[in-house]
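1. Can you look at this prediction? I've put the sequence above it.
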Amino acid sequence: MLIGAHESISEKINYALDRAKADGCDCVQIFAKNPRMWKSPEIKDKEAYEFKEKAKKLNLGPNASHASYLLNLANPDLKKRKFAIINLIDEIKRAEQLGLFAVMFHPGSNPDKEQGLKFVIESINDAIDKTKEMKALILVENTAGQGNWLGSTLEELKKIFQGVKDKSRFGFCLDTCHLFAAGHDIKNRQKEFFKEFDDLIGLKYIKCFHLNDSMFGLGEKKDRHEHPGKGKIGKKGFEQLMNDKRFKDLPGYLEAPSGNHKENIEYLRNLKK
Ligand SMILES: [Zn+2]
Ligand SMILES: [Zn+2]
């Protein structure tokens, strides 16, 4: 697996690339806009050009962006949902501008799960339809299953997958912390988990990973990231993942709590046999 990290864009978007290089990343994940605000200034063409050139020069990639935390494509309120779709489209355009291979997002929350899944599917189809000329992939990230969040079970991920009409730009980002917290035992039953994912959806739709360990135990449904190897998934889980040949060309991004990416990246690389 290619190992990278989520890096800050503070001061200048392309500083994230310098930070990634200093941390020893193969690839980088960023926020293409402020994740806690709806409005963010546009990315200037010059800025985008510099970002793409620098990524090439530093040999970083595939790079991705994580969409806003405010995005809820399953929102029962039509007006708010439409607003979320407009924002997802804006995220896709930014990713395209910066030459990123994908945008990932959490599918959203709704107390009525069936309705929520239907809305998520409609929203994704709408966003894909309205960005037809673009290349950036649209990736659903699995969740820890906290509260009314959708996308923690394979059944829900499968429903979303089946509902997406044009799958050529669609896939999943699997967060290891979220998987474990949602009850998927990737520590002791990792092989079985991927077999099940393959049977239900297809491994080729996994497009990247978030390499987070979990502070909480299996099935506790709490989303708290820990440094890889130091949480409940532990060395055993990450060792298997790092050595899984099927994922050798996929990017995996660290989202460790207090950002000591350099050490974590070395740790993961050393797990490779
Ligand atoms: Zn995420
Ligand atoms: Zn998380």
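-> Everything's here; your move. Residues are numbered from 1 along each chain as shown. Ligands and ions are numbered 1, 2, ... in the order given.
2. Strands of the stretch 1-150 of the chain, residue ranges please.
-> Here the stretch 1-150 of the chain has its strands, by DSSP state E, counting those that start in this stretch, at 2-6, 27-30, 64-66, 102-105, 137-141.
3. So what are the sheet partners of the last one and their directions?
-> Paired neighbours of strand 137-141 in the sheet (DSSP bridges): strand 102-105 (parallel), strand 170-175 (parallel).
4. I would like the residues contacting the first one, please.
-> Contacts to strand 102-105, defined as C-beta atoms under 8 Å, 6 or more residues apart in numbering, come from residues 32, 62, 64-68, 71, 73, 88, 91-92, 95, 136-141, 171, 173, 207-208. C-beta coordinates here come from the backbone N, C-alpha and C atoms, glycine included.
5. Distance from it to the middle of the chain?
-> Centroid separation for strand 102-105 versus its chain: 6 Å, with C-alpha atoms, centre = their mean, to the nearest Å.
6. cool, and stretch 69-88?
-> Put simply, stretch 69-88 sits 18 Å off its chain's centre (C-alpha atoms, centre = their mean).
7. got a list of contacts for it?
-> By C-beta under 8 Å, 6+ apart, stretch 69-88 touches 35-38, 67-68, 91, 103, 105-112, 115-117, 119-120, 123-124, 126-127, 138, 150.
8. Tell me the buried residues within the residues you listed.
-> For these, a burial check counting by 16 or more other C-beta atoms under 10 Å picks out 67-68, 91, 103, 105-110, 116-117, 119-120, 123-124, 126-127, 138, 150.
9. Buried residues in stretch 64-83, which are they?
-> Of the residues in stretch 64-83, those buried by neighbour count under the rule 16+ other C-beta under 10 Å are 64-68, 71-75, 81, 83.
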